[in-house]
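Trainee: sequence plus predicted model, see below.
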Amino acid sequence: MMDKKPHIKPYLYGMLAGFGAISLSIIFFFLIYRFDGFGDAISTLTGILMPFIYGAVIAYLLKPVCNTIESFLRRFIPEKMHGLVNVLSVTLTILFGLLLIYALCMMIIPQLITSVTTLYYTAQRNLAKFVQWANHVEFIENNQQIMDMLNSAYATISTNIDDLIKTRLLPSMQNIVSGAAVGVLNVVTMAKNLIIGIIVAVYMLASRKRFVQQAKLVLYSIFKPRWAELIKEEVKYADKMFGGFINGKIMDSAIIGVLCYIGCLIFKFPSALLVSVIIGVTNVIPFFGPFIGAVPATLLILIQNPIKALWFVLFVLVLQQLDGNVIGPKILGNTTGLSSFWVLFAILLFGGLWGFVGMIVGVPLFAVIYDVIKKLVIHGLKHNKEIDLLQTYHDSFGDPEDDVPVETSASEAPPVETNNL
């Protein structure tokens, strides 16, 4: 006998779907309408969690060093002393990081003080030479208007010196003092966050394997095995992108900094160490880094020796060609798989959003987004039975590792159930 009772499940699913759509619309409208408040809340939360952010960044950067030290120690320490290996590897890793920072500070800070002092006296001496030269130029001596302007400016400053001190100098000094107080407070806050961040990094390095297993348990408890595997593979890909790109870029920039320092010593460019540090640090930024670093470095040399500044520009061009065509490809290879267009797009987009940090992490982050879109496109082609378009595209435009997010063949696409999408 046929059951005449209507099935309630379709109606229940429809009600839940409608309720979910309305709820998401309200939440989205609230976020847009109260975006300033939402942004302030995110900023407050970020400020509170800043020590953990520092710790996570430090732990992630030192993770390869910790893994290398741990694998080395396991060759000499028995398996039953597993806890000792973990403690020693984390301790040596933190010491390595601290010693590296100390060595950089000891090299940079004295050179920075010397360079600034030399720069000040050199600029003062060059200015005096320029004034002396201008006084003997016939054009200035014979131009009564210029001489009157200089005399008028001198008379104005002489007669209004008291008013200048009261109305300009004292408020400026107050602003400087208040700004210095704010700067000291910011430095203290940053130092506090950094110290706590180092402690957090120790815990994260010591428990990195446990955190991975805990994340895996949470992942498989929420999602079905097939989806959990897909998410896990994408997380591995993201780790490969960020780890390979950032660590490789740091190594590449360190090599460029050393080569720049050697070249500055050979060609006797002034402020060799400071200039090399600027070139090496800014080289971490893809694409724009060489240009960003070359400008202040050239200005430093230009003030002290204009002729050598010209030779330094030529030297930097040669050095960057060496990096772009030999050193960079050897270290990084085709880490991200992005074309030059998408690299430029990622740097401009994330650099505009997050500044200097965005310019560094933008390329690997966009590579992860790119990979997700690629897999979705391939799955969509398979779902619509249009996978032949992928082969047609590859036949038309050559290497599938080019700049369209459909380069992976259908056999390499991860198996996804159509009904689950």
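Mentor: The structure has been received and is ready for your questions.

Trainee: CA atoms for contacts and neighbours, from now on please.
Mentor: Will do.

Trainee: which SSE is residue 187 in?
Mentor: Secondary structure from DSSP states H and E places residue 187 in helix 170-206.

Trainee: following that helix in sequence, what is the next regular element?
Mentor: On the C-terminal side of helix 170-206, the nearest following helix or strand under DSSP H and E is helix 208-222.

Trainee: now do that next one: which elements does it pack against?
Mentor: Under the contact criterion of 3 or more CA pairs under 8 Å, 6 or more residues apart in numbering; DSSP states H and E, helix 208-222 touches no helix or strand at all.

Trainee: gap between that helix and the chain center?
Mentor: 27 Å (CA atoms, centre = their mean, to the nearest Å).

Trainee: give me the contact list for it.
Mentor: Outside helix 208-222, the residues within contact range by CA atoms under 8 Å, 6 or more residues apart in numbering are residue 228.

Trainee: list the buried residues for that helix?
Mentor: 208, 219-220 (16 or more other CA atoms under 10 Å).

Trainee: so where's the stretch 201-350 of the chain shaky on pLDDT?
Mentor: Scanning the stretch 201-350 of the chain for pLDDT under 70 picks out 333-335.

Trainee: returning to that earlier point: nearest to residue 70 among the buried residues of helix 208-222?
Mentor: residue 208 (12.6 Å; CA to CA).

Trainee: which residues sit in contact with the nearest residue to residue 296 once chain neighbours are set aside?
Mentor: Ranked by CA to CA, 6 or more residues apart in numbering and with sequence neighbours excluded, the top spatial neighbour of residue 296 is residue 278, at 8.0 Å. Listed by CA under 8 Å, 6+ apart, the contact set of residue 278 reads 293, 296-297.

Trainee: cool, and residue 257?
Mentor: Counting by CA under 8 Å, 6+ apart, residue 257 touches 276-277, 279-281.

Trainee: of these, which is the most crowded?
Mentor: residue 279 (29 neighbours; other CA atoms under 10 Å).

Trainee: looks like that one contacts residue 293 (just checking).
Mentor: Yes - contact criterion CA atoms under 8 Å: residue 279 and residue 293 qualify, at 4.9 Å.

Trainee: nearest to residue 314, out of the buried residues of helix 208-222: which one, please.
Mentor: Comparing those against residue 314 with CA to CA places residue 208 closest, at 46.2 Å.

Trainee: could you report the separation of that closest one from residue 62?
Mentor: To residue 62, residue 208 is 12 Å away according to CA to CA, to the nearest Å.

Trainee: what segments of the stretch 201-350 of the chain are strands?
Mentor: Assigned by DSSP state E, counting those that start in this stretch, the strands in the stretch 201-350 of the chain number zero.

Trainee: what about residue 360, helix or strand, and which?
Mentor: For residue 360, the enclosing helix or strand under DSSP H and E is helix 340-383.

Trainee: so how far is that helix off the chain centroid?
Mentor: 14 Å.

Trainee: related to what we said a few turns ago, quick check: neighbours shared by residue 279 and residue 293?
Mentor: Contacts common to residue 279 and residue 293, judged by CA under 8 Å, 6+ apart, are absent.

Trainee: that older thread, now the helix or strand just after the helix holding residue 360: buried residues?
Mentor: Downstream of helix 340-383, the first helix or strand assigned by DSSP H and E is helix 388-397. Buried residues in helix 388-397, counted by 16+ other CA under 10 Å: 390-391, 394.

Trainee: about what we covered before: got the contacts of residue 257 as a markdown table, with distance to residue 198 columns?
Mentor: Shown next, in a markdown table, are the contacts of residue 257 (distance: CA to CA, whole Å):
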| residue | distance to residue 198 |
| --- | --- |
| 276 | 28 |
| 277 | 24 |
| 279 | 27 |
| 280 | 24 |
| 281 | 22 |
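
Trainee: between the residues you listed, which sits nearest residue 342?
Mentor: For these, the nearest to residue 342 is residue 281 (22.8 Å; CA to CA).

Trainee: wait, doesn't that closest one sit right on residue 252?
Mentor: No - shown here, residue 281 and residue 252 do not form a contact pair, counting by CA under 8 Å, at 10.4 Å.

Trainee: need the overlap of contacts for the two.
Mentor: Joint contacts of residue 281 and residue 252 (CA under 8 Å, 6+ apart) do not exist.

Trainee: rewinding a little: any idea of the angle the helix holding residue 360 forms with helix 388-397?
Mentor: Angle of helix 340-383 versus helix 388-397, following axes from the mean of the first three to the mean of the last three CA atoms, to 10 degrees, is 150 degrees.

Trainee: which residue ranges form the helices in the stretch 201-350 of the chain?
Mentor: Here the stretch 201-350 of the chain has its helices, by DSSP state H, counting those that start in this stretch, at 208-222, 225-267, 272-282, 289-304, 306-322, 328-332, 340-383.

Trainee: packed most tightly, which of those helices would that be?
Mentor: helix 272-282 (a mean of 23; mean count of other CA atoms under 10 Å).

Trainee: and it, how far out from the chain's middle?
Mentor: Its chain's C-alpha centre and that of helix 272-282 lie 17 Å apart, by CA atoms, centre = their mean.

Trainee: and the helices of the stretch 201-350 of the chain: which comes nearest residue 80?
Mentor: helix 208-222 (17.6 Å).

Trainee: pull that closest one out as PDB, backbone CA atoms only.
Mentor: This file holds the C-alpha atoms of helix 208-222, laid out as PDB (Å, rounded to 0.1, in the frame of the first residue of the first chain):
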ATOM      1  CA  ARG A 208      55.200  20.700  15.500                       C
ATOM      2  CA  LYS A 209      54.500  17.000  14.900                       C
ATOM      3  CA  ARG A 210      51.800  16.800  17.500                       C
ATOM      4  CA  PHE A 211      50.100  19.900  16.000                       C
ATOM      5  CA  VAL A 212      50.100  18.200  12.600                       C
ATOM      6  CA  GLN A 213      48.500  15.100  13.900                       C
ATOM      7  CA  GLN A 214      45.900  17.100  15.900                       C
ATOM      8  CA  ALA A 215      45.000  19.100  12.800                       C
ATOM      9  CA  LYS A 216      44.700  15.800  10.900                       C
ATOM     10  CA  LEU A 217      42.300  14.400  13.500                       C
ATOM     11  CA  VAL A 218      40.100  17.600  13.300                       C
ATOM     12  CA  LEU A 219      40.100  17.500   9.500                       C
ATOM     13  CA  TYR A 220      39.000  13.900   9.300                       C
ATOM     14  CA  SER A 221      36.400  14.400  12.000                       C
ATOM     15  CA  ILE A 222      34.700  17.300  10.000                       C
END
